[in-house]
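>>> Return a 3D structure for these sequence lines:
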Amino acid sequence: MVQKRGRNQNLNDQAEVGGGIELNSTTSIVIAAANPERTVFHVNNNDSLRSCWIKLQPAAADDDKKGIYLSGSTRDGAKSWDMPSDNIYTGEISAIAEQGTPTVYVTEY
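Residues are numbered from 1 along each chain as shown. From the prediction side, this is the model:
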């Protein structure tokens, strides 16, 4: 079944769910490979204490702490992020921890 959303078409019948990706605070980690068919992207910071940054760029680009901030605490801000469905980025997505080793979970289709 093909679902059309924005500029992209989803050719997959099921969502791909990442089974917990551990981040660190020194090196950017790939959390989603480039996907020209991506129509939905959701990431959740499952850590209750450590924050992280989601970066719409390849992990190899840099190890700076910048991008979309996901808090480690619901008091400090959002723990998850959904990519806007009308402006889907289809390149590689990376992340880096503010400190420690939080775990993020990714769902995309």
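
>>> got any ranges where this structure has weak pLDDT?
Low-confidence segments of the chain (pLDDT under 70): 1-18, 74, 76.

>>> any idea where the strands of it begin and end?
3-5, 8-10, 16-17, 21-22, 29-32, 41-45, 52-55, 68-70, 80-82, 93-97, 103-108 (DSSP state E).

>>> Please tabulate the ones you listed in TSV, including the columns distance to A61 and mean neighbour count.
Every residue, glycine included, has its C-beta placed from N, CA and C. Converted to TSV, those look like this (distance: least, CB to CB, whole Å; neighbours: other CB atoms under 10 Å):
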stretch	distance to A61	mean neighbour count
strand 3-5	27	12
strand 8-10	23	15
strand 16-17	23	12
strand 21-22	18	14
strand 29-32	11	19
strand 41-45	18	21
strand 52-55	8	24
strand 68-70	15	19
strand 80-82	19	15
strand 93-97	8	25
strand 103-108	18	19
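
>>> I'd like to know which of the ones you listed lies nearest to D62.
strand 52-55 (8.4 Å; CB to CB).

>>> quick one: that closest one to chain centroid distance?
Relative to its chain's centre, strand 52-55 lies at 7 Å (CA atoms, centre = their mean, to the nearest Å).

>>> Output it in PDB with nothing but the alpha carbons.
What follows is strand 52-55, C-alpha atoms only, in PDB (Å, rounded to 0.1, in the frame of the first residue of the first chain):
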ATOM      1  CA  CYS A  52      20.700  14.600  23.900                       C
ATOM      2  CA  TRP A  53      20.800  16.500  20.600                       C
ATOM      3  CA  ILE A  54      19.200  15.200  17.400                       C
ATOM      4  CA  LYS A  55      21.100  16.400  14.300                       C
END
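
>>> ok now do the residue nearest the centre of the chain, which residues does it touch?
Centroid-nearest residue in the chain, with CA atoms, centre = their mean: V43, separated by 4.5 Å. Shown in contact with V43 (CB atoms under 8 Å, 6 or more residues apart in numbering): 31, 54, 70, 80-81, 93, 95, 104-107.

>>> Tell me how far the nearest residue to H42 once chain neighbours are set aside lies from S80.
Closest residue to H42 apart from its sequence neighbours, by CB to CB, 6 or more residues apart in numbering: T107 at 4.5 Å. Distance, T107 to S80, by CB to CB, to the nearest Å: 10 Å.
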